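J.: predicted model follows, preceded by the sequence.
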Amino acid sequence: MPFEAPASPHVPPTFNIEHDREAELTRRAAAGDRRALDEVMRRVLPRIRAVAERMTRDAAEADDATQVAALELLQHLATFSGQGSLLGWARVLAWRRISRHLAHVRRCGTRERELPDDATDANDAGDALLRRLELERLLRDMPVAQRHALVLHHGLGWSLDEVAHATGTVANTVKSRMRLALAELRARPG
């Protein structure tokens, strides 16, 4: 007797409930609920990092790729519909974004920059750490769209068109955001 498939596929109720929970969680995170956002990131960052490590095979490059993919995920949280799993969606989104990131790195040459020999001096290292902490504080305080534009363009060296594509805007909007962010940074004392 041949095997007969059921007339209609049966999806276990827990499958739909979990997807509904994930969709609700991402909806709340996209709306600005900090706890929901923390929970989404707690769930997906290990998966994004694993994808980055497999694709780059370099810890430092995986760190950069993970950050880039996490930014993309944050920008697209509202597009998660709950039709599949949150982890699966995050993995696919991370793979696509990291692929674009690696292609950009290959086009632009090596990602590492050589430090001058005198940069290894302890005083210089301490000063560099203080400057970095201050920069992180300044970036954290600025609007998210401006921060993304600055970090992607000046920090990672992306072209205006690449930043515009990643952020879902146009190059002129990216330029405007960077101009506003730089003006705000210049206006701050210190």
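T.: In hand now; what should we look at?

J.: show me the contacts for Asp20.
T.: Gly82 (Cβ atoms under 8 Å, 6 or more residues apart in numbering). Where C-beta positions appear, they are placed from N, C-alpha and C, glycine not excepted.

J.: please save the CA atoms from the helix or strand containing it in CSV.
T.: In the assignment (DSSP states H and E), Asp20 maps to helix 13-30. What follows is helix 13-30, C-alpha atoms only, in CSV (Å, rounded to 0.1, in the frame of the first residue of the first chain):
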residue,chain,number,x,y,z
PRO,A,13,-0.1,25.1,17.4
THR,A,14,3.1,25.8,19.3
PHE,A,15,4.9,26.6,16.0
ASN,A,16,2.4,29.3,15.2
ILE,A,17,2.4,30.6,18.8
GLU,A,18,6.2,31.0,18.9
HIS,A,19,6.2,32.8,15.6
ASP,A,20,3.4,35.1,16.8
ARG,A,21,5.4,35.8,20.0
GLU,A,22,8.5,36.6,18.0
ALA,A,23,6.5,38.8,15.6
GLU,A,24,5.1,40.7,18.6
LEU,A,25,8.5,41.0,20.2
THR,A,26,10.1,42.5,17.1
ARG,A,27,7.1,44.8,16.6
ARG,A,28,7.6,46.1,20.2
ALA,A,29,11.4,46.4,19.6
ALA,A,30,10.9,48.3,16.4
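
J.: how far away is Val68 from Arg188?
T.: Distance of Val68 to Arg188, computed by Cβ to Cβ, to the nearest Å: 27 Å.

J.: ditto for Leu156
T.: 23 Å.

J.: between these two, point out the one with more neighbours.
T.: Leu156 (18 against 9; other Cβ atoms under 10 Å).

J.: where's that one relative to Met55, distance?
T.: From Leu156 to Met55 the distance is 16 Å (Cβ to Cβ).

J.: cool, and Arg47?
T.: 13 Å.

J.: what do those two both touch?
T.: Common neighbours of Arg47 and Met55 are not found (criterion: Cβ under 8 Å, 6+ apart).

J.: where are the low-confidence patches of the chain?
T.: Along the chain, segments meeting pLDDT under 70 span 1-16, 109-130, 132-133, 189-190.

J.: where along it do the helices fall?
T.: 13-30, 34-56, 59-75, 86-108, 122-141, 144-150, 160-167, 171-187 (DSSP state H).

J.: show residues contacting the last one.
T.: Right, the one you point to is helix 171-187. So helix 171-187 is in contact with 138, 142-143, 145-150, 153-154, 160-161, 163-164, 167, going by Cβ under 8 Å, 6+ apart.

J.: out of those, who's the most crowded?
T.: Highest neighbour count within those: Ala149, with 29 neighbours (other Cβ under 10 Å).

J.: please name the nearest non-neighbouring residue to that residue.
T.: Arg177 (4.1 Å; Cβ to Cβ, 6 or more residues apart in numbering).

J.: Val44 is in contact with Leu86, correct?
T.: Yes. Leu86 lies in contact with Val44 (Cβ atoms under 8 Å); the separation is 6.6 Å.
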